[in-house]
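Undergrad: I'd like to go over a predicted model; first the sequence, then the structure.
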Amino acid sequence: MPKPIVDQKGADAIRRSLGPFSARCHRFSQSWNLPPTTTSIFYCHIIVPNSYTSNASRTKEPTNNTCTYCPLFPPLSPYSVSPESLCAMQLCGRQKVVQRKMVLLGDGACGKTSALNVFTRGYSSRREPTVFENYVHDIFVDNIHVELSLWDTAGQEEFDRLRALSYEDTHVLMLCFSVDSPDSFENVSSKWIAEINENCPGVRVVLTALKCDLRKDEDMNDNPNSISFDQGLAKAKEIGAVKYLECSAVQNRGIRESFYEAAKVALEVNAGGGSSSGSQCTIL
Ligand SMILES: Nc1nc2c(ncn2[C@@H]2O[C@H](COP(=O)(O)OP(=O)(O)OP(=O)(O)O)[C@@H](O)[C@H]2O)c(=O)[nH]1
């Protein structure tokens, strides 16, 4: 049976030893006999790329990045848990968990679900168009434990009414387009901003360019029809987005950063609905 990480020494040892390794952490709140002040604790599986002997608070893992103790969990991307987060997790028993809701929206097939899957699971497989999906993902942003509720919506017009139900209590909107789809880019201002203004005016928007790998074709030539960084940035300014982010699920580039940056924006919104420079979405 693996041992949980319970002391700072263990967490520090992990931080020092991580180097090129990655870690996977699972929360054990019920299954361990915890000190009274501890509300939750994490057991960390350190995923090692090759044979590696560990001490009590680390676990040797097979080379394929699949967890020995939780085979049902899919492999995670190498950087889905940073050493800093790991140490913060160690301390989280004493920290308040902050709950935030992020909604992804944008044209159908622009890549929302794939980005979400790569962020939460480390990979994305072929799938049917989304009708509605909802995940809760624990992350640490600036040492704050955030229970991030991620709402994936259907981009297609026939789901407009269903999608409207997703906006309640939203802290941040990740408005997406695909760089290989000028239509999805145009719809940012011609369709999506109107929908946002109608359903949750004032909620902070993060504009996110998806499928950025498609700016190049297979021969690494520039795709002349793709949306450039400058165009994306100009669009973000035009619609009043608080951030402009770019990523590719296929290459797993910028995915983690994009969700973390969006989560940071969500954190700036007060739980009660007030915000320093935006507001929480509430459907009345
Ligand atoms: N080249 C490339 N293709 C991608 C990327 N992300 C997603 N795709 C592909 O784009 C297609 C649509 O991706 P989805 O993630 O289902 O798009 P979606 O926005 O969730 O679509 P809806 O559920 O219909 O709203 C799939 O065939 C994906 O394989 C990417 O980063 N690069």
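TA: Right, received. Where do you want to start? Since the model is a prediction, treat every value here as computed from it, not as a measurement. Numbering: from 1, shown residues only.

Undergrad: Could you measure from Q251 over to the ligand?
TA: 7 Å (C-beta to the nearest ligand atom, to the nearest Å). No exception for glycine: its C-beta is placed from N, CA and C like everyone else's.

Undergrad: where does this structure dip in pLDDT?
TA: For the chain, the stretches with pLDDT under 70 are 1-96, 126-133, 271-284.

Undergrad: So which bits of it are right by the ligand?
TA: The interface of the chain toward the ligand, taken as C-beta under 6 Å from any ligand atom, is made up of 108-114, 127, 129-130, 154-155, 210-211, 213-214, 248-250.

Undergrad: longest helix in the chain, by residue count?
TA: Across the chain, the helix with the greatest residue count (assigned by DSSP state H) is helix 255-267.

Undergrad: mind listing what's buried in that helix?
TA: By neighbour count with 16 or more other C-beta atoms under 10 Å, helix 255-267 contains the buried residues I255, R256, S258, F259, Y260, E261, A262, A263, K264, V265, A266, L267.

Undergrad: cool, stretch 148-163 as well?
TA: Residues of stretch 148-163 classed as buried under the neighbour-count rule (16+ other C-beta under 10 Å) are L148, S149, L150, W151, D152, T153, A154, G155, F159, R163.

Undergrad: so can I have JSON lines of the residues you listed showing secondary structure?
TA: Rendered in JSON lines, the data for those read as follows (DSSP: H, G, I helix; E, B strand; the rest coil):
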{"residue": "L148", "secondary structure": "strand"}
{"residue": "S149", "secondary structure": "strand"}
{"residue": "L150", "secondary structure": "strand"}
{"residue": "W151", "secondary structure": "strand"}
{"residue": "D152", "secondary structure": "strand"}
{"residue": "T153", "secondary structure": "strand"}
{"residue": "A154", "secondary structure": "coil"}
{"residue": "G155", "secondary structure": "coil"}
{"residue": "F159", "secondary structure": "helix"}
{"residue": "R163", "secondary structure": "helix"}
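
Undergrad: okay, among the residues you listed, which ones form the most distant pair?
TA: For the buried residues of stretch 148-163, the farthest-apart pair by C-beta to C-beta is L148 and F159; their separation is 22.9 Å.

Undergrad: Looking at the buried residues of helix 255-267, which is nearest G232?
TA: Using C-beta to C-beta as the measure, the one of those that approaches G232 most closely is S258, at 12.4 Å.

Undergrad: Would you mind confirming that that closest one makes contact with Y244?
TA: No - the pair S258 / Y244 is not scored as a contact, 10.1 Å apart, by C-beta atoms under 8 Å.
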